[in-house]
Every structure is written in structure tokens, then in C-alpha cells.
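K.L.:
this is a predicted model, with the sequence first.
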Amino acid sequence: MKFKAFKNRGEASGAAAQYLHNMLSQALDLNKRTTLIVSGGSSPLCCFKLLSRKTLDWSSVDITLSDERVVPTEHTDSNEKMVRSTLLKDEARAATFYPAVQTSIPHILGSIACSLIGMGEDGHFASIFPDLAELPALTDRAAKPGFQLVITAASEHPRVTANLSLLLCSRGILLLVFGDNKKQLLENPGNRPISTLLNQDTVPVEVYWAP
């Protein structure tokens, strides 16, 4: 894990957008198409807006989510709605979006350039929460890459999440986190779900943090 601290969230978001752009560009030099996996929540909003304005062959980019709430796409809690309104616009409007469902897997697995992941203060990432009965299966690196429906006490909605195996199909993983509490958790993750991402040695993980 590489940890980079920034003065503020705007600076971290700008660096994150540049990282994602670089990874996508490198992937397109090697493949006709590539995939970007992104998280929901509020942390990546600024990053998405900055990334959407960058020049790239976006028509060759497929975008999907690391996780989603099981709600209509027009619902205020829909991650797809957020991604469409912040990332799939400007230059990036030519990208192809695939929802976080199992039938999307054949379309996104060919070449995953990178995954942008967030983390909660309970140590969850994607929608892999500490209280899930499916936690061992979701964090099994040998599992078949895919999405799974989960129910957690931390959410009023059922969710669909990528498993760790799917995220590890990426060439690189960027963890974008803000706040002192999350920094402390990263320094001592214990046996929280995030530890399974940080302690693997299959895919390089970069952490961009700001207060």
C-alpha cells in the first residue's frame, strides 16, 4: 500500500482524477477497450467532475460500480444516478455504463484499468460490511469475480456489491478517503473488511487521503 496525504480534499480529488486518467490511458495503449470501476458515496464527487473533463478515447471505456443500492435508478440514493450526473458528462459522456449486476460481468472483465474505492468508518469497502454473513466468501481471493446481493444493518436498502476477487482483476486500485478517523483506521485496520484489500499482494493499492 502506498499512502499519499494531501492538504485538502480538492487537491486529493485532482490527484485521483489524474491517476485514473493515467491508468485508463495506459490500458487503452494495450487494449481496444478498458473498464473503470468506481464507488458511490460523496467522496468521489469532485474527482468525477474533474475526470469527466479530461481528454481520452472515452468511447472505448466501460464504467461500472463497485456497489449499488437496490433502488430505482432515479432514486436519490442511486449510485448510478450520481455517476451519470457527475462522471458521464462532458468528455466522458461517450463512455458506456454497465450497472452492478451479474449480467454485466462479461462486458467489463476483459481489461479493468483500475478501481476507485471508498471506505467507511466501520472499515467496509464497496458494500462489503463487517456484519455480513457472506463476508468470508466476498473476501475470498479465489472466488469467481462477480456481484452479490447483500443485506446489512448499516443500510436501509439491500445492496449489490462487487466481491474482492472482481476488484482484484484491476491493474491498480485507488482508495480515496477523507478525515482523521479513516486515517487512524487505515493505520490499524485490525480484522475489518478493508484489511483484506490492504493486505493482499496481487494488485497495487494507492491510498489518497486528505483531512
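P.N.:
Nice, I can see it.
K.L.:
and Lys54, how far is that from His21?
P.N.:
5 Å (C-beta to C-beta, to the nearest Å). Placement of C-beta: from N, CA and C, glycine included.
K.L.:
go on, Ala137?
P.N.:
34 Å.
K.L.:
of those two, who's got more company?
P.N.:
A side-by-side neighbour count of Ala137 and His21, using other C-beta atoms under 10 Å, places His21 first with 18 against 13.
K.L.:
quick check on that one: phi, psi?
P.N.:
Dihedral pair for His21: phi -60, psi -40, per degrees, to the nearest 10.
K.L.:
who's in contact with it?
P.N.:
By C-beta atoms under 8 Å, 6 or more residues apart in numbering, the residues touching His21 are Leu51, Lys54, Leu56.
K.L.:
ok, 6 Å please
P.N.:
The contact partners of His21, by C-beta atoms under 6 Å, 6 or more residues apart in numbering, come to Lys54.
K.L.:
wait, Ala27 touches Leu36, no?
P.N.:
No: shown here, Ala27 and Leu36 do not form a contact pair, counting by C-beta atoms under 6 Å, at 8.9 Å.
K.L.:
now for these two: what residues contact both?
P.N.:
Ala113.
K.L.:
residues contacting Cys47?
P.N.:
Ser13, Ala16, Ala17.
K.L.:
Asn191: which of those is nearest?
P.N.:
Nearest to Asn191 among the contacts of Cys47: Ala16, at 27.3 Å, using C-beta to C-beta.
K.L.:
got the phi and psi for the closest one?
P.N.:
Per degrees, to the nearest 10, the backbone of Ala16 is at phi -60, psi -40.
K.L.:
what do you get for Lys2?
P.N.:
Note on Lys2: backbone dihedrals following degrees, to the nearest 10 are phi -100, psi 130.
K.L.:
what's the closest non-adjacent residue to it?
P.N.:
Using C-beta to C-beta, 6 or more residues apart in numbering and skipping residues adjacent in sequence, the residue nearest Lys2 is Glu206, 4.7 Å away.
K.L.:
what lies in contact with the helix or strand where the one you found lies?
P.N.:
Using DSSP states H and E, Glu206 sits within strand 205-210. The contact list for strand 205-210 (C-beta under 6 Å, 6+ apart) reads 1-6, 8-9, 12, 15-16, 173-178, 183.
K.L.:
just those: which are in helices?
P.N.:
Taking DSSP state H as the definition of helices, those contribute Arg9, Ala12, Ala15, Ala16, Lys183.
K.L.:
for the third one, what are its contacts?
P.N.:
By that I understand Ala15. Each residue near Ala15 by C-beta under 6 Å, 6+ apart is listed here: Tyr208.
K.L.:
how does it look with 10 Å?
P.N.:
Lys4, Phe6, Cys47, Leu50, Leu174, Leu176, Glu206, Tyr208, Ala210 (C-beta atoms under 10 Å, 6 or more residues apart in numbering).
K.L.:
let's have those residues in a markdown table, adding pLDDT and distance to Leu166.
P.N.:
Shown next, in a markdown table, are the contacts of Ala15 (pLDDT from 0 to 100; distance: C-beta to C-beta, whole Å):
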| residue | pLDDT | distance to Leu166 |
| --- | --- | --- |
| Lys4 | 98 | 25 |
| Phe6 | 98 | 28 |
| Cys47 | 98 | 21 |
| Leu50 | 98 | 26 |
| Leu174 | 98 | 16 |
| Leu176 | 98 | 18 |
| Glu206 | 98 | 19 |
| Tyr208 | 98 | 21 |
| Ala210 | 98 | 27 |
